[in-house]
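>>> Pasting a predicted model and its sequence here:
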Amino acid sequence: MQRQLVIILLVALVLILLTVQNPNPVPLQFLSWEMQQVPLIVIILLSLLVGIVISSILGLIKQSKLKEKIRRLEREIEELKQPPVVSPDETLEE
């Protein structure tokens, strides 16, 4: 938990320094979309936000797959705990 807090604070510090040192707006062009005056920090924050959203979605997908695997393995364990079913014919043969 403390490690995450330190990382978050370092990222925040870097963004604050970047904002203070780069106050000038820059032109932005993406495919056919174009903006003339966008502050650099807005571009950086949007990029950061998109990265967070994408990694969160991928993490949730992986988490749901792992939960399903855990459920399947727990069912398997429960099945293995049950004593084997022996038919009356098999007991007579022994």
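Good, I have the coordinates.

>>> only C-alpha atoms for contact and neighbour calcs from this point on.
OK.

>>> Name the residue closest to the centre of the protein, please.
The geometric centre of the chain, computed from its C-alpha atoms, lies nearest to residue 59 (Cα atoms, centre = their mean), at 2.4 Å.

>>> Which helix runs longest in the chain?
What stands out as the longest helix in the chain, according to DSSP state H, is helix 40-81.

>>> Quick one: mean pLDDT over that helix.
For helix 40-81, the mean per-residue pLDDT is 90.

>>> same for that helix, what does it pack against?
In this structure, helix 40-81 packs against helix 2-21, with contacts taken as 3 or more Cα pairs under 8 Å, 6 or more residues apart in numbering; DSSP states H and E.

>>> which strands and helices sit next to the helix it packs on?
Taking 3+ Cα pairs under 8 Å, 6+ apart as the contact definition, the neighbouring helices and strands of helix 2-21 are helix 40-81.

>>> Could you tell me the angle between the helix it packs on and helix 2-21?
160 degrees (axes from the mean of the first three to the mean of the last three Cα atoms, to 10 degrees).

>>> coming back round to it: please tell me how far the residue nearest to the centre of the chain sits from residue 52.
Using Cα to Cα, to the nearest Å, we find residue 59 at a distance of 10 Å from residue 52.

>>> Equivalent analysis for residue 6, please.
17 Å.

>>> And for residue 7?
Applying Cα to Cα, the value for residue 7 to residue 52 is 14 Å.

>>> Check which helix or strand residue 29 maps to.
Assigned by DSSP states H and E, residue 29 belongs to strand 25-30.

>>> got the angle for that strand vs helix 40-81?
Taking the same axes, to 10 degrees, strand 25-30 and helix 40-81 form an angle of 50 degrees between their directions.
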